[in-house]
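Asker: Test case, fold it:
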Amino acid sequence: MDPLDAVGPAFSRLRRASALNAESPVSRKDMTRTLVLNIVDEGPEHDGQEITVGVVAERLAVDPSVASRMVTDCIAAGYLIRAASQRDGRRTILQMTDDGQGMLAAFRRHQRAAFEFITREWPEGEREQLARLLIKYVDSVAQARGALDA
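Answerer: Prediction:
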């Protein structure tokens, strides 16, 4: 199969395997929570944007009611708080708590451990090359999305 034709199915397999137990299991609930926490942590994509439930829904490509339930779960877990917007007091924005920062840091350690476990037999140069290219790819996805939104 042409490698370019194999990329899509490979990404699907990668998504299904994203919770690999490298050190300790990651629950589905925690996987979902980290999706939301990463969006809040990444912050605005452009001037004037604030992180709201609507932004979470847009970035995850889910219905706003789904995003609302995900955010409510993160708030109940103590990872996020709602706050009044400084731009529009009628709007509610999302902010991460110290517990949310801690949870996200722990998940990122887990992700690194999983990457190191999966690539443990690779030459160091290949591991670093994959990391650089994956980051470049994700940055390009964000740029392409921005170009489509303009």
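Asker: okay, CA-based contacts and neighbour counts for the rest of this
Answerer: Fine.
Asker: Can you tell me what sits against stretch 49-63?
Answerer: Identification of contacts with stretch 49-63 by C-alpha atoms under 8 Å, 6 or more residues apart in numbering yields 35-36, 39-40, 43-44, 64, 66-68, 71, 85, 92-95.
Asker: Now find how far off-centre it is within its chain.
Answerer: Taking the mean of its C-alpha atoms, stretch 49-63 sits 12 Å from the chain's own mean (C-alpha atoms, centre = their mean, to the nearest Å).
Asker: mean confidence for it?
Answerer: Averaged across stretch 49-63, pLDDT comes to 94.
Asker: From start to finish, how long is that stretch in a straight line?
Answerer: For stretch 49-63, the first and last residues are 19 Å from each other (C-alpha to C-alpha, to the nearest Å).
Asker: residues of the longest helix belonging to the chain that come out buried?
Answerer: Criterion DSSP state H: the longest helix present in the chain is helix 124-149. Of the residues in helix 124-149, those with enough neighbours to count as buried (16 or more other C-alpha atoms under 10 Å) are R127.
Asker: Distance from that helix to the middle of the chain?
Answerer: So, by C-alpha atoms, centre = their mean, the centroid of helix 124-149 is 14 Å from its chain's centroid.
Asker: what about it, average pLDDT?
Answerer: Average pLDDT, helix 124-149: 87.
Asker: and S85, what pLDDT?
Answerer: Value for S85, per-residue pLDDT: 88.
Asker: Do a quick rundown of the helices in the protein.
Answerer: With DSSP H as the criterion, the chain has helices spanning 3-16, 28-42, 53-60, 64-76, 98-118, 124-149.
Asker: how far off helix 98-118 does the longest one point, in degrees?
Answerer: Here helix 124-149 runs at 130 degrees with respect to helix 98-118, directions being taken by axes from the mean of the first three to the mean of the last three C-alpha atoms, to 10 degrees.
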